[in-house]
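S.K.: what's the 3D shape of this:
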Amino acid sequence: MCILSLYTMYIRRPRKREKKHNCELCGKSFTRAERLKTHQVIHSGVKPYSCELCGKSFTQDGSLKSHQVIHSGVKAYSCDHCGKAFAHSRYLRIHQVVHSGIKPYGCDICGKTFTQSGHRNVHRRIHTKNDVYCCDQCGKVFVNSKDLESHMFTHTEERPYKCDLCEKAFKEPRSLKKHQKIHTRKRLYKCDLCGKSFTHLESLKIHKVTHSGVKAYNCDLCGKSFSQAASLKTHQLIHSGIKAFSCKLCGKSFTQSQNLKKHQVTHSGIKAYSCDICGKTFSHVGYRNIHLRIHTGNDVYCCDQCGKLFTTDAQLQSHMFSHTEERPYKCDLCDKAFKEPSSLKKHQQIHTRKKLYKCTTAKNVGEASPRQVY
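M.R.: Next up is the predicted model:
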(Lines give C-alpha, C1' and ligand atoms only; values in the text may rest on other atoms or scores of the structure.)
Protein backbone atom coordinates (compact mmCIF):
# COMPACT_ATOMS: atom_id res chain seq x y z
CA MET A 1 0.00 0.00 0.00
CA CYS A 2 1.48 3.38 -0.96
CA ILE A 3 2.03 6.21 1.53
CA LEU A 4 -0.53 8.46 -0.16
CA SER A 5 -3.25 5.84 0.29
CA LEU A 6 -2.22 5.42 3.95
CA TYR A 7 -2.57 9.18 4.41
CA THR A 8 -6.02 9.07 2.85
CA MET A 9 -7.07 6.05 4.91
CA TYR A 10 -6.06 7.37 8.32
CA ILE A 11 -6.28 11.13 8.00
CA ARG A 12 -8.86 11.98 5.37
CA ARG A 13 -11.22 9.02 5.48
CA PRO A 14 -14.80 10.38 5.58
CA ARG A 15 -17.31 9.04 8.05
CA LYS A 16 -20.29 7.37 6.40
CA ARG A 17 -22.72 7.38 9.33
CA GLU A 18 -24.75 10.48 10.09
CA LYS A 19 -23.66 12.34 13.26
CA LYS A 20 -26.93 13.13 15.02
CA HIS A 21 -25.60 13.81 18.53
CA ASN A 22 -24.03 17.25 19.00
CA CYS A 23 -22.08 18.63 21.96
CA GLU A 24 -23.69 21.91 23.08
CA LEU A 25 -20.39 23.20 24.46
CA CYS A 26 -18.04 22.77 21.49
CA GLY A 27 -20.27 21.69 18.59
CA LYS A 28 -18.50 18.37 17.99
CA SER A 29 -20.80 15.68 16.54
CA PHE A 30 -21.05 11.94 17.18
CA THR A 31 -22.87 8.99 15.64
CA ARG A 32 -23.82 7.53 19.03
CA ALA A 33 -25.26 9.03 22.20
CA GLU A 34 -22.85 7.14 24.48
CA ARG A 35 -19.87 8.58 22.60
CA LEU A 36 -21.24 12.06 23.18
CA LYS A 37 -21.55 11.31 26.92
CA THR A 38 -17.97 10.06 27.01
CA HIS A 39 -16.81 13.20 25.19
CA GLN A 40 -18.67 15.57 27.53
CA VAL A 41 -16.50 14.43 30.46
CA ILE A 42 -13.69 16.47 28.84
CA HIS A 43 -15.63 19.70 29.49
CA SER A 44 -16.29 18.81 33.15
CA GLY A 45 -12.63 19.20 34.08
CA VAL A 46 -12.79 15.96 36.09
CA LYS A 47 -9.83 13.65 35.42
CA PRO A 48 -10.46 10.53 37.53
CA TYR A 49 -7.99 8.27 35.69
CA SER A 50 -4.44 8.79 36.97
CA CYS A 51 -1.23 7.09 35.86
CA GLU A 52 0.45 5.35 38.81
CA LEU A 53 3.87 5.76 37.22
CA CYS A 54 3.97 9.49 36.44
CA GLY A 55 0.85 10.99 38.06
CA LYS A 56 -0.62 12.32 34.81
CA SER A 57 -4.45 12.37 34.85
CA PHE A 58 -7.01 11.80 32.09
CA THR A 59 -10.74 12.28 31.60
CA GLN A 60 -11.17 8.84 29.97
CA ASP A 61 -9.80 5.41 30.88
CA GLY A 62 -8.97 4.77 27.22
CA SER A 63 -6.67 7.79 27.19
CA LEU A 64 -4.91 6.50 30.32
CA LYS A 65 -4.35 3.05 28.78
CA SER A 66 -3.02 4.65 25.61
CA HIS A 67 -0.66 6.82 27.69
CA GLN A 68 0.66 3.85 29.71
CA VAL A 69 2.14 2.29 26.57
CA ILE A 70 4.85 5.00 26.79
CA HIS A 71 6.03 3.60 30.15
CA SER A 72 6.25 0.02 28.85
CA GLY A 73 9.12 0.95 26.54
CA VAL A 74 7.48 -1.09 23.76
CA LYS A 75 7.53 0.57 20.34
CA ALA A 76 5.29 -1.81 18.40
CA TYR A 77 4.61 0.48 15.41
CA SER A 78 7.48 0.72 12.93
CA CYS A 79 7.74 2.54 9.61
CA ASP A 80 8.10 0.24 6.58
CA HIS A 81 10.13 2.89 4.77
CA CYS A 82 12.81 3.88 7.28
CA GLY A 83 12.38 1.47 10.21
CA LYS A 84 11.76 4.16 12.84
CA ALA A 85 9.59 2.78 15.66
CA PHE A 86 6.92 4.45 17.78
CA ALA A 87 4.92 3.64 20.92
CA HIS A 88 1.60 4.76 19.41
CA SER A 89 0.04 4.18 16.00
CA ARG A 90 -0.85 7.88 15.74
CA TYR A 91 2.84 8.84 16.03
CA LEU A 92 3.59 6.43 13.19
CA ARG A 93 0.83 7.94 11.04
CA ILE A 94 2.15 11.45 11.69
CA HIS A 95 5.65 10.29 10.76
CA GLN A 96 4.55 8.51 7.56
CA VAL A 97 3.33 11.79 6.08
CA VAL A 98 7.04 12.73 5.82
CA HIS A 99 7.50 9.99 3.19
CA SER A 100 4.32 10.94 1.30
CA GLY A 101 5.56 14.34 0.15
CA ILE A 102 2.28 15.90 1.29
CA LYS A 103 2.74 19.17 3.18
CA PRO A 104 -0.67 20.17 4.59
CA TYR A 105 0.63 22.58 7.26
CA GLY A 106 1.39 26.08 5.96
CA CYS A 107 2.97 29.10 7.64
CA ASP A 108 0.38 31.90 7.70
CA ILE A 109 3.17 34.50 7.53
CA CYS A 110 5.33 33.41 4.56
CA GLY A 111 3.32 30.51 3.08
CA LYS A 112 6.01 27.82 3.47
CA THR A 113 4.48 24.34 3.87
CA PHE A 114 5.44 21.42 6.12
CA THR A 115 4.59 17.73 6.56
CA GLN A 116 4.01 18.09 10.32
CA SER A 117 2.41 20.78 12.47
CA GLY A 118 5.36 20.58 14.88
CA HIS A 119 7.81 21.47 12.11
CA ARG A 120 5.56 24.37 11.06
CA ASN A 121 5.52 25.62 14.66
CA VAL A 122 9.33 25.43 14.82
CA HIS A 123 9.52 27.46 11.59
CA ARG A 124 7.20 30.18 12.93
CA ARG A 125 9.81 31.06 15.55
CA ILE A 126 11.97 32.44 12.73
CA HIS A 127 9.44 35.23 12.29
CA THR A 128 9.13 35.91 16.04
CA LYS A 129 12.92 35.66 16.71
CA ASN A 130 12.32 33.14 19.52
CA ASP A 131 14.30 29.90 19.81
CA VAL A 132 12.33 26.65 19.83
CA TYR A 133 13.08 23.06 20.77
CA CYS A 134 11.22 20.15 19.15
CA CYS A 135 10.91 16.52 20.34
CA ASP A 136 12.01 14.16 17.56
CA GLN A 137 9.76 11.40 18.98
CA CYS A 138 6.33 13.07 19.07
CA GLY A 139 6.86 16.52 17.52
CA LYS A 140 5.95 18.46 20.67
CA VAL A 141 7.50 21.95 20.73
CA PHE A 142 9.13 23.72 23.72
CA VAL A 143 10.43 27.25 24.20
CA ASN A 144 13.56 26.22 26.14
CA SER A 145 15.94 23.25 26.20
CA LYS A 146 15.21 22.41 29.86
CA ASP A 147 11.53 21.83 29.09
CA LEU A 148 12.51 19.56 26.20
CA GLU A 149 15.00 17.60 28.35
CA SER A 150 12.34 17.12 31.04
CA HIS A 151 9.82 16.01 28.40
CA MET A 152 12.23 13.45 26.90
CA PHE A 153 12.00 11.37 30.09
CA THR A 154 8.44 10.48 28.99
CA HIS A 155 9.98 8.43 26.18
CA THR A 156 12.39 6.54 28.49
CA GLU A 157 12.21 4.53 31.72
CA GLU A 158 14.27 7.04 33.75
CA ARG A 159 12.42 8.71 36.66
CA PRO A 160 14.67 11.31 38.30
CA TYR A 161 11.96 13.10 40.32
CA LYS A 162 11.29 11.19 43.56
CA CYS A 163 8.58 11.75 46.16
CA ASP A 164 10.03 12.21 49.67
CA LEU A 165 6.79 10.96 51.27
CA CYS A 166 6.57 7.60 49.49
CA GLU A 167 8.61 5.44 47.13
CA LYS A 168 7.13 6.72 43.87
CA ALA A 169 9.30 8.41 41.23
CA PHE A 170 8.32 10.43 38.15
CA LYS A 171 9.69 11.55 34.82
CA GLU A 172 8.62 15.18 35.01
CA PRO A 173 8.65 17.68 37.93
CA ARG A 174 5.02 18.69 37.31
CA SER A 175 3.99 15.01 37.63
CA LEU A 176 5.75 14.82 41.01
CA LYS A 177 3.97 18.00 42.20
CA LYS A 178 0.61 16.63 41.10
CA HIS A 179 1.29 13.31 42.86
CA GLN A 180 2.31 15.01 46.13
CA LYS A 181 -1.17 16.53 46.39
CA ILE A 182 -2.45 12.99 47.04
CA HIS A 183 -0.70 13.03 50.42
CA THR A 184 -2.42 16.27 51.48
CA ARG A 185 -5.75 16.15 49.65
CA LYS A 186 -8.81 15.14 51.71
CA ARG A 187 -10.80 12.14 50.52
CA LEU A 188 -14.34 13.51 50.78
CA TYR A 189 -16.23 10.77 48.92
CA LYS A 190 -16.69 7.53 50.86
CA CYS A 191 -18.30 4.30 49.66
CA ASP A 192 -21.15 3.39 52.04
CA LEU A 193 -20.77 -0.30 51.15
CA CYS A 194 -17.09 -0.95 51.88
CA GLY A 195 -15.78 2.28 53.42
CA LYS A 196 -13.21 3.01 50.71
CA SER A 197 -12.63 6.76 50.19
CA PHE A 198 -11.93 8.80 47.04
CA THR A 199 -10.82 12.33 46.23
CA HIS A 200 -13.21 12.60 43.25
CA LEU A 201 -16.96 11.88 43.08
CA GLU A 202 -16.48 10.36 39.62
CA SER A 203 -13.95 7.86 41.03
CA LEU A 204 -16.49 6.82 43.69
CA LYS A 205 -19.18 6.26 41.03
CA ILE A 206 -16.81 4.08 39.00
CA HIS A 207 -15.89 2.10 42.14
CA LYS A 208 -19.53 1.46 43.14
CA VAL A 209 -20.13 -0.51 39.95
CA THR A 210 -17.98 -3.29 41.45
CA HIS A 211 -20.60 -3.78 44.21
CA SER A 212 -23.54 -3.96 41.78
CA GLY A 213 -22.61 -7.39 40.45
CA VAL A 214 -23.21 -6.15 36.91
CA LYS A 215 -20.44 -7.16 34.52
CA ALA A 216 -21.37 -5.39 31.30
CA TYR A 217 -17.94 -5.47 29.60
CA ASN A 218 -17.25 -8.80 27.88
CA CYS A 219 -14.03 -10.00 26.27
CA ASP A 220 -14.71 -11.00 22.65
CA LEU A 221 -11.81 -13.48 22.70
CA CYS A 222 -12.52 -15.56 25.81
CA GLY A 223 -15.97 -14.45 27.04
CA LYS A 224 -14.79 -13.27 30.48
CA SER A 225 -16.87 -10.41 31.92
CA PHE A 226 -15.89 -7.32 33.91
CA SER A 227 -17.69 -4.60 35.84
CA GLN A 228 -15.45 -1.82 34.47
CA ALA A 229 -14.14 -1.00 31.00
CA ALA A 230 -10.65 -0.40 32.41
CA SER A 231 -10.56 -3.94 33.86
CA LEU A 232 -11.53 -5.38 30.47
CA LYS A 233 -8.76 -3.44 28.72
CA THR A 234 -6.21 -4.61 31.29
CA HIS A 235 -7.38 -8.21 30.81
CA GLN A 236 -7.11 -7.97 27.01
CA LEU A 237 -3.34 -7.46 27.32
CA ILE A 238 -3.16 -11.21 28.04
CA HIS A 239 -4.49 -11.97 24.55
CA SER A 240 -2.07 -9.56 22.85
CA GLY A 241 0.91 -11.77 23.68
CA ILE A 242 2.91 -8.62 24.53
CA LYS A 243 4.81 -8.90 27.82
CA ALA A 244 5.89 -5.30 28.23
CA PHE A 245 6.76 -5.41 31.94
CA SER A 246 10.14 -7.04 32.60
CA CYS A 247 11.95 -7.72 35.86
CA LYS A 248 15.31 -5.91 35.86
CA LEU A 249 16.79 -8.49 38.25
CA CYS A 250 16.02 -11.76 36.44
CA GLY A 251 14.55 -10.74 33.06
CA LYS A 252 11.20 -12.50 33.48
CA SER A 253 8.41 -10.69 31.58
CA PHE A 254 4.72 -10.17 32.33
CA THR A 255 1.68 -8.81 30.48
CA GLN A 256 0.50 -6.71 33.44
CA SER A 257 2.35 -4.42 35.84
CA GLN A 258 0.65 -5.92 38.92
CA ASN A 259 2.00 -9.39 38.04
CA LEU A 260 5.49 -7.91 37.78
CA LYS A 261 5.07 -6.25 41.21
CA LYS A 262 3.99 -9.58 42.72
CA HIS A 263 7.02 -11.28 41.20
CA GLN A 264 9.47 -8.60 42.39
CA VAL A 265 8.61 -9.41 46.01
CA THR A 266 10.54 -12.68 45.58
CA HIS A 267 13.74 -10.66 45.09
CA SER A 268 13.11 -8.39 48.09
CA GLY A 269 13.49 -11.10 50.73
CA ILE A 270 10.27 -9.93 52.40
CA LYS A 271 8.00 -12.79 53.48
CA ALA A 272 4.77 -11.15 54.55
CA TYR A 273 2.45 -14.20 54.35
CA SER A 274 2.62 -16.75 57.17
CA CYS A 275 1.02 -20.13 57.77
CA ASP A 276 -1.53 -20.01 60.61
CA ILE A 277 -0.74 -23.61 61.53
CA CYS A 278 3.08 -23.84 61.66
CA GLY A 279 4.21 -20.20 61.31
CA LYS A 280 6.29 -20.64 58.13
CA THR A 281 6.47 -17.43 56.08
CA PHE A 282 6.25 -16.84 52.30
CA SER A 283 6.80 -14.01 49.82
CA HIS A 284 3.51 -14.72 48.00
CA VAL A 285 0.01 -15.42 49.26
CA GLY A 286 -0.21 -18.08 46.51
CA TYR A 287 2.84 -19.92 47.86
CA ARG A 288 1.41 -19.75 51.39
CA ASN A 289 -1.85 -21.28 50.12
CA ILE A 290 0.08 -24.07 48.40
CA HIS A 291 1.89 -24.77 51.67
CA LEU A 292 -1.41 -24.94 53.58
CA ARG A 293 -2.36 -27.95 51.48
CA ILE A 294 0.39 -29.90 53.26
CA HIS A 295 -1.61 -29.61 56.49
CA THR A 296 -4.95 -30.45 54.84
CA GLY A 297 -3.63 -33.33 52.71
CA ASN A 298 -4.98 -31.87 49.46
CA ASP A 299 -2.79 -31.41 46.37
CA VAL A 300 -2.61 -27.98 44.78
CA TYR A 301 -1.42 -26.65 41.44
CA CYS A 302 -0.14 -23.09 41.04
CA CYS A 303 0.23 -20.98 37.86
CA ASP A 304 3.79 -19.63 37.67
CA GLN A 305 2.54 -16.64 35.62
CA CYS A 306 -0.10 -15.15 37.90
CA GLY A 307 -0.08 -17.28 41.08
CA LYS A 308 -3.65 -18.57 40.65
CA LEU A 309 -4.31 -21.88 42.43
CA PHE A 310 -6.13 -24.99 41.17
CA THR A 311 -7.13 -28.25 42.82
CA THR A 312 -6.42 -30.40 39.74
CA ASP A 313 -3.65 -30.47 37.15
CA ALA A 314 -6.28 -30.45 34.37
CA GLN A 315 -7.65 -27.12 35.64
CA LEU A 316 -4.15 -25.64 35.67
CA GLN A 317 -3.44 -26.84 32.12
CA SER A 318 -6.72 -25.33 30.90
CA HIS A 319 -5.92 -22.05 32.68
CA MET A 320 -2.43 -21.85 31.11
CA PHE A 321 -4.04 -21.23 27.70
CA SER A 322 -5.08 -17.80 29.03
CA HIS A 323 -1.39 -16.79 28.92
CA THR A 324 -0.87 -17.97 25.31
CA GLU A 325 -2.54 -17.44 21.93
CA GLU A 326 -3.67 -21.06 21.62
CA ARG A 327 -7.46 -21.60 21.54
CA PRO A 328 -8.21 -25.33 21.51
CA TYR A 329 -11.92 -25.10 22.37
CA LYS A 330 -13.85 -24.41 19.15
CA CYS A 331 -17.53 -23.61 18.71
CA ASP A 332 -19.22 -26.03 16.28
CA LEU A 333 -21.88 -23.42 15.39
CA CYS A 334 -19.56 -20.58 14.31
CA ASP A 335 -15.86 -19.88 13.72
CA LYS A 336 -15.00 -18.66 17.23
CA ALA A 337 -12.47 -20.49 19.41
CA PHE A 338 -11.63 -20.12 23.09
CA LYS A 339 -8.86 -20.84 25.54
CA GLU A 340 -11.02 -22.37 28.29
CA PRO A 341 -14.00 -24.75 28.14
CA SER A 342 -16.00 -22.49 30.47
CA SER A 343 -15.62 -19.63 27.98
CA LEU A 344 -16.83 -21.87 25.14
CA LYS A 345 -19.92 -22.90 27.13
CA LYS A 346 -20.71 -19.28 27.94
CA HIS A 347 -20.34 -18.32 24.27
CA GLN A 348 -22.57 -21.16 23.01
CA GLN A 349 -25.47 -19.71 25.00
CA ILE A 350 -25.51 -16.85 22.47
CA HIS A 351 -26.73 -19.29 19.80
CA THR A 352 -29.58 -20.61 21.95
CA ARG A 353 -30.50 -17.69 24.20
CA LYS A 354 -33.75 -15.84 23.41
CA LYS A 355 -33.56 -12.04 23.09
CA LEU A 356 -36.35 -10.95 25.46
CA TYR A 357 -35.38 -7.33 26.00
CA LYS A 358 -36.26 -4.85 23.27
CA CYS A 359 -35.24 -1.18 23.20
CA THR A 360 -38.32 1.05 23.00
CA THR A 361 -36.53 4.35 22.36
CA ALA A 362 -33.75 3.77 19.81
CA LYS A 363 -34.90 3.58 16.19
CA ASN A 364 -32.21 1.05 15.31
CA VAL A 365 -29.78 -1.20 17.17
CA GLY A 366 -26.80 0.95 16.17
CA GLU A 367 -28.10 3.97 18.11
CA ALA A 368 -27.05 2.74 21.54
CA SER A 369 -24.85 0.09 23.12
CA PRO A 370 -26.31 -1.90 26.06
CA ARG A 371 -22.85 -1.85 27.67
CA GLN A 372 -22.94 1.93 28.02
CA VAL A 373 -26.37 2.39 29.60
CA TYR A 374 -26.23 4.21 32.94
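S.K.: contacts and neighbour counts: CA atoms only from here.
M.R.: Will do.
S.K.: Run through who's touching the host helix or strand of residue 349.
M.R.: Using DSSP states H and E, residue 349 maps to helix 341-352. Applying C-alpha atoms under 8 Å, 6 or more residues apart in numbering, the external contacts of helix 341-352 come out as 222, 223, 224, 318, 329, 330, 331, 333, 337, 338.
S.K.: what's the answer for stretch 265-273, then?
M.R.: For stretch 265-273, the external contacting residues (C-alpha under 8 Å, 6+ apart) are 249, 281, 282, 283, 284, 285, 288.
S.K.: hang on, the earlier thing: could you provide the contacts of helix 341-352 in JSON lines, with additional columns for secondary structure, pLDDT and neighbour count?
M.R.: Formatted as JSON lines, these follow (DSSP: H, G, I helix; E, B strand; the rest coil; pLDDT from 0 to 100; neighbours: other C-alpha atoms under 10 Å):
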{"residue": "222", "secondary structure": "coil", "pLDDT": "80", "neighbour count": "22"}
{"residue": "223", "secondary structure": "coil", "pLDDT": "78", "neighbour count": "18"}
{"residue": "224", "secondary structure": "coil", "pLDDT": "81", "neighbour count": "17"}
{"residue": "318", "secondary structure": "helix", "pLDDT": "75", "neighbour count": "15"}
{"residue": "329", "secondary structure": "strand", "pLDDT": "80", "neighbour count": "17"}
{"residue": "330", "secondary structure": "strand", "pLDDT": "84", "neighbour count": "15"}
{"residue": "331", "secondary structure": "coil", "pLDDT": "86", "neighbour count": "14"}
{"residue": "333", "secondary structure": "coil", "pLDDT": "83", "neighbour count": "8"}
{"residue": "337", "secondary structure": "strand", "pLDDT": "82", "neighbour count": "19"}
{"residue": "338", "secondary structure": "strand", "pLDDT": "80", "neighbour count": "23"}
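S.K.: Could you dump the residues you listed into JSON lines with distance to residue 155 added?
M.R.: Formatted as JSON lines, the contacts of helix 341-352 follow (distance: C-alpha to C-alpha, whole Å):
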{"residue": "222", "distance to residue 155": "33"}
{"residue": "223", "distance to residue 155": "35"}
{"residue": "224", "distance to residue 155": "33"}
{"residue": "318", "distance to residue 155": "38"}
{"residue": "329", "distance to residue 155": "40"}
{"residue": "330", "distance to residue 155": "41"}
{"residue": "331", "distance to residue 155": "43"}
{"residue": "333", "distance to residue 155": "46"}
{"residue": "337", "distance to residue 155": "37"}
{"residue": "338", "distance to residue 155": "36"}
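S.K.: And the residues you listed, which is closest to residue 191?
M.R.: Nearest to residue 191 among these: residue 224, at 26.3 Å, using C-alpha to C-alpha.
S.K.: show me the contacts for that closest one.
M.R.: By C-alpha under 8 Å, 6+ apart, the contact set of residue 224 is 218, 343.
S.K.: That one and residue 349, how far apart?
M.R.: Distance of residue 224 to residue 349, given as C-alpha to C-alpha, to the nearest Å: 14 Å.
S.K.: Pull up the gap between the nearest residue to residue 29 once chain neighbours are set aside and residue 42, please.
M.R.: Nearest residue to residue 29, sequence neighbours excluded (C-alpha to C-alpha, 6 or more residues apart in numbering): residue 22, at 4.3 Å. Distance, residue 22 to residue 42, by C-alpha to C-alpha: 14 Å.
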